[in-house]
Each structure stands twice: as structure tokens, then as C-alpha cells.
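Asker: Below: sequence and its predicted model.
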Amino acid sequence: MKNLTTTFLKLASRFYKSNDVVDFAATLTSAKSILIFMPDKLEDFGIALKFLKKFRQDFAAVQIDICTRDNYQNFINTNHQGGMIFVTSEDITPFGLPKRSLQHKIMATHYNIVIDLNHAFHPISTYLCQKSDAALKICLDDQDREPFYNLYFRTQLKTRLEEKYKKLFNYLGNFSQTSLSKN
């Protein structure tokens, strides 16, 4: 089923793909809203969660929303300043894709940046990223994801996931309004 869904998404991406040139630095420094797709795997979720606090500090003036499974909501700090979108089993079709109601939740906010923290191809976050009108769509490097994102963060193959997240968030933090105002 996953192969069928992946093939469908790749074919559909040809219709949605934008060839617009994106100024990454300008988009990062002027962002007003960011959507972060948290990892679907619980162990990856815990690792990614460690880096959100610093990311929020780096992008303090930006609305940061999180999209995650509803059964992970107990792990998220209740002091989170942005919005939260919880994905339930009712939000997913039998093919593993998001239903229209979930798509509309994502499309209702015009995010400047979307960051997918899933380590590998994930049909829900990939499809929702494709449906968003964000100028900058970021993911960890994975060959199956190339048609859907415009910034693939690549590290050495044997790098642990925690180190990948650390490098990604440090890189993005260099472009934050907070770090630029310090220089």
C-alpha cells in the first residue's frame, strides 16, 4: 500500500510542482509562520522534541505551529506558544493520506515555511506539505522526498538522527531574526 501511495504522490507532484526560485535566507529571516511536522515514530518524536525549545527561542517572533499524532499530545509542553494540529485516525484515508478536513486545517494558515522532521518518507506530512502554499519546504534528505520539498538537509549517511536534527536546527537558527539582530 505504501508503494502505491508513494507512486501516486510522485505522479501528483508533477502537477503541483512549482518552479519558483526561493530565496532561502530571505524567507527564513522574514518568516511570520512556520509549520513543523513532528516525526511519526515515537522514538524520533522524543529526539525532535528536544530541539524545539531552542528553535522557538531562535524564531521567537514567528508563529510556530506543530502537527503531530493526537496520541503524542501529552509529550508536548503545554507552554507551547503556537498552534497545534493533532492528527487522529479519522483524519486518514484507507490509503494513508489525509482527508480533506485535515488538508483544510493546513491550508487555512498560509505558512511561510514548512519543516518535516520525519526521518524518511511519510505520506501524510509529504502530502500536506505539498498542499501547503509555503515558499520554503524543508526535510531531511531522502530520495523519495525530492519532488515535494525545495530544501533537503543532507548529512553523512551514518549520522545519528539526534545529530541530524541538531545540525538542521543550528543551520536554520543562523537565519533567524534573533541571531541576525545579535550580529
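Answerer: Right, received. Where do you want to start? Numbering: from 1, shown residues only.
Asker: where does the protein have its least confident helix or strand?
Answerer: Of all helical and strand segments in the chain, the minimum by mean pLDDT, DSSP states H and E falls on helix 177-182, at a mean of 53.
Asker: Can you name the residues in contact with the longest strand seen in the chain?
Answerer: Of all the elements of type strand in the chain, the one with the most residues (DSSP state E) is strand 63-69. Identification of contacts with strand 63-69 by CB atoms under 8 Å, 6 or more residues apart in numbering yields 32-38, 40, 45, 52, 55-56, 76, 80-87, 106, 109, 111, 125, 128. In short, each C-beta sits where N, CA and C put it, glycine included.
Asker: how deep is Ala108 tucked in, by neighbour count?
Answerer: By other CB atoms under 10 Å, the residues close to Ala108 number 8.
Asker: what's the spacing between Thr93 and Ser101?
Answerer: Separation of Thr93 from Ser101 (CB to CB, to the nearest Å): 11 Å.
Asker: Look at the two and report which has more neighbours.
Answerer: Remark: of Thr93 and Ser101, Thr93 carries more neighbours, 13 against 9, as counted by other CB under 10 Å.
Asker: Tell me the spatial nearest neighbour of that one, not counting adjacent residues.
Answerer: Lys99 (5.8 Å; CB to CB, 6 or more residues apart in numbering).
Asker: Return the distance of that neighbour relative to Ile66.
Answerer: 20 Å.
Asker: These two: which is more packed in?
Answerer: Between Lys99 and Ile66, Ile66 has the larger neighbour count (other CB under 10 Å), namely 22 against 11.
Asker: all strands of this structure, in order?
Answerer: For the chain, the strands defined by DSSP E cover 33-37, 63-69, 84-87, 113-116, 136-140, 151-153.
Asker: which helix is the longest one in the protein?
Answerer: Identified as the longest helix of the chain according to DSSP state H is helix 42-58.
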